[in-house]
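**Student:** Could you work out the structure for the sequence below:
(chains A and B)
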Amino acid sequence: MSNRLRFAPSPTGALHIGGIRTALYNFLLARQKGGQFILRIEDTDQNRFVPGAEEYITRSLRWLGLTVDEGPAIGGPFGPYKQSERMLMYKDYAIRLVEEDKAYYAWDTPEDLDQKRQDASDHSFKYDATIRTQMKNSLSLSKEAVAKNLSDNIPYTIRLKVEPGQSIQINDKVRGEVVFDSAELDDKVLVKADGFPTYHLANVVDDHLMKITDVIRGEEWLPSTAHHVLLYQAFGWEDTMPAFSHLPLILKPNGNGKLSKRDGQKFGFPVFPLAWPSENKAEAIDGFDSFGFEPEAVVNFLALLGWNPGTEQEIFSLDELIAAFDPERIHKAGARFDYEKALWFNQQYVHQLSFADAEPRLKQQGNEAGYNLEASNLEAVFSLLQPRVHRLNEIIPLAYYFFTDTLDFDNEAINSKWKPEVAPVLESVANTLKTIEPFTFEVAGAAAKDVIKESGVKMGLVMPMLRAALTGTIQGPDVFAIAEVLGRDKTVERFLKFAKR
RNA sequence: GGCCCCUUCGUCUAUCGGUUAGGACAGCAGAUUUUCAUUCUGCAGAGAGGGGUUCGAUUCCCCUAGGGGCUACCA
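**Tutor:** Residues are numbered from 1 along each chain as shown, chains lettered A, B, ... in the order given. Presented below is the predicted three-dimensional model:
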């Protein structure tokens, strides 16, 4: 049987890059093994549901090129793929466990439990074998009381009956053998009082029903994996239990703890693939897309955050990643998010971009900035600026002087270098360029340099002013390369105008 | 507090007992670009600490320290 992997986010908001990396690793292994990559929406918590989150997840995966084989939008042989649409079955599975004495009904209210937690001095309260006979459940109550509670429809939870004295061994692809003592485990809630399953139940049932073979998920799930193993055993599914790989967490760039939503806003870099639009501006969040990142670069960067193939190759296409990926080479320790390195990866991809790839986006960015791009040679502009930027969306602002005649002069920098004797030189350069043929950067450049030399004014004084005349700033691409793209008329006009400033 | 995981340059990492501990990002210096960016070259920079095992430990084991996760009727 082929490998079946799933990415199972809960739609509680924008997906951050930790989740994206999890999705990516699942995708890579599925593709490498010729198996299926499944999207399952785990929306069993009604309170945390966020409208639009599921759609955001779908859009993010599409943007990154992680195509889904089975999922809510496209269906598949094991659907539905949204847990809220699979509601009825979970409880039946749990009740089956109750009937086999592997789980039980519990009528303790959240208030009861809170009280118990407060009564215990530290964090010592644990709903487990040592305490369950003192609680309100179908193990401690008389048969009659249980029957009455049930017939009275008093809301209950169903808890897994964890028997102490067992050693639960997990063979994790990343971490090796991890052992838990069942005496340390609590009787996890399987079904909540509202009838919804908890993650633990729904996850195990669905992974079994959807024939999932490999579970790749975040490290935060490692402790509860012991419960999941117990569940597989309770259901008699241990033979088809998936292989587990628990991923290291992505940490804050500096300081302690895992990367959070807030870090993006705090440090000024994206932590989400796509921008999360919101009418409330304070809630709107930037994404790698709105920062001008290439999806391929994000994939490449994330793939190498916590995993590497053991070679010195750094740039990987998605296909190369699929070929090279190996869960056993996933690093164990958490990895700090490094925005500078992400930028570097993006630069590598931006420099590889063809004009055909870039053109539609440049046009859109130009239009959004209010420029009319039609009059200029966008392809030439692109090739001039491409090697200079880390992100595609830096080009239009940097190249604004090709799209407007209203220059934004950097007067502070210009005035500090301006000498009056430069003005006549600018004029003679302009006059020379009026007739020079052909108007290319080599020919025009050579001619202009001759004029400057003859004038006796230092080259270092004139050149910055030529650039300032064309662009408004004293840094940027080669002056005559700009001039060629700008064309003879505009070049001459700007030189003359600047000479009279 | 308890349980579990982790620990190589500032950061991401290679090394599967014997290496001048390699690479990348960032940093610094130089070259190119009469600017800036790019590009190229070079420099600097690491095995948390302590015990073992071994002829030999970054590598295996233990302890300590530090970091992280979990400890919800959230996922």
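**Student:** what's the neighbour count on A:Glu70?
**Tutor:** 20 (other CB atoms under 10 Å). C-betas here are computed from N, CA, C, even on glycine.
**Student:** residues contacting it?
**Tutor:** Contact analysis of A:Glu70 by CB atoms under 8 Å, 6 or more residues apart in numbering lists A:36-39, A:76-79, A:81, A:210.
**Student:** I'd like the distance between the spatially closest residue to it that is not a sequence neighbour and A:Ala282.
**Tutor:** Leaving aside its sequence neighbours, A:Glu70 sits nearest to A:Gly76 (CB to CB, 6 or more residues apart in numbering; 2.9 Å). From A:Gly76 across to A:Ala282, the span is 39 Å (CB to CB, to the nearest Å).
**Student:** okay, the two: which has more neighbours?
**Tutor:** A:Gly76 (16 against 7).
**Student:** thinking that one is in contact with A:Val68, fair?
**Tutor:** No - here A:Gly76 does not reach A:Val68: they are 9.1 Å apart, not a contact under CB atoms under 8 Å.
**Student:** overlap in contacts of those two?
**Tutor:** A:Ile38.
**Student:** For RNA strand B, what's the nearest residue on the stretch 301-450 of chain A?
**Tutor:** Proximity to RNA strand B, evaluated over the stretch 301-450 of chain A using CB to the nearest atom of the strand, is greatest for A:Ala333 at 2.9 Å.
**Student:** which ones are touching that residue?
**Tutor:** Here A:Ala333 is in contact with A:Pro248 (criterion: CB under 8 Å, 6+ apart).
**Student:** Shouldn't it be within a helix?
**Tutor:** No - secondary structure assignment (DSSP: H, G, I helix; E, B strand; the rest coil) places A:Ala333 in coil, not in a helix.
**Student:** I'd like the distance between it and A:Asn26.
**Tutor:** From A:Ala333 over to A:Asn26 (counting by CB to CB), the distance is 21 Å.
**Student:** What ranges does the stretch 151-300 of chain A have for its helices?
**Tutor:** In the stretch 151-300 of chain A, the helices defined using DSSP state H, counting those that start in this stretch lie at A:199-209, A:222-235, A:261-267, A:295-303.
**Student:** The last one and RNA strand B in contact?
**Tutor:** Spelled out, it's helix A:295-303. No - Helix A:295-303 does not reach RNA strand B (CB under 7 Å from any atom of the strand); its nearest approach is 8.7 Å.
**Student:** Now the helix or strand following that helix: average pLDDT?
**Tutor:** Where DSSP states H and E defines the elements, the next helix or strand beyond helix A:295-303 is helix A:318-324. The predicted model assigns helix A:318-324 a mean pLDDT of 97.
**Student:** Give the next helix or strand downstream of helix A:318-324.
**Tutor:** That would be, after helix A:318-324 and using DSSP H and E, strand A:335-336.
**Student:** what packs against that following strand?
**Tutor:** strand A:250-251 (3 or more CB pairs under 8 Å, 6 or more residues apart in numbering; DSSP states H and E).
**Student:** Is RNA strand B within reach of stretch A:434-446?
**Tutor:** No - figure legend: stretch A:434-446 not in contact with RNA strand B (CB under 7 Å from any atom of the strand); closest approach 7.8 Å.
**Student:** Would you mind listing the buried residues in that stretch?
**Tutor:** Neighbour-count burial for stretch A:434-446 flags A:439, A:441, A:444-445 (criterion: 16 or more other CB atoms under 10 Å).
**Student:** Need these in JSON lines (columns: pLDDT and secondary structure).
**Tutor:** Shown next, in JSON lines, are those (pLDDT from 0 to 100; DSSP: H, G, I helix; E, B strand; the rest coil):
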{"residue": "A:Phe439", "pLDDT": "93", "secondary structure": "coil"}
{"residue": "A:Phe441", "pLDDT": "91", "secondary structure": "helix"}
{"residue": "A:Ala444", "pLDDT": "92", "secondary structure": "helix"}
{"residue": "A:Gly445", "pLDDT": "92", "secondary structure": "helix"}
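**Student:** so which of those would you say is closest to A:Glu144?
**Tutor:** Taking CB to CB as the measure, A:Glu144 sits nearest to A:Phe441 out of the buried residues of stretch A:434-446, at 96.0 Å.
**Student:** how about that closest one, what does it touch?
**Tutor:** A:Phe441 touches A:478, A:480-481, A:483-484, counting by CB under 8 Å, 6+ apart.
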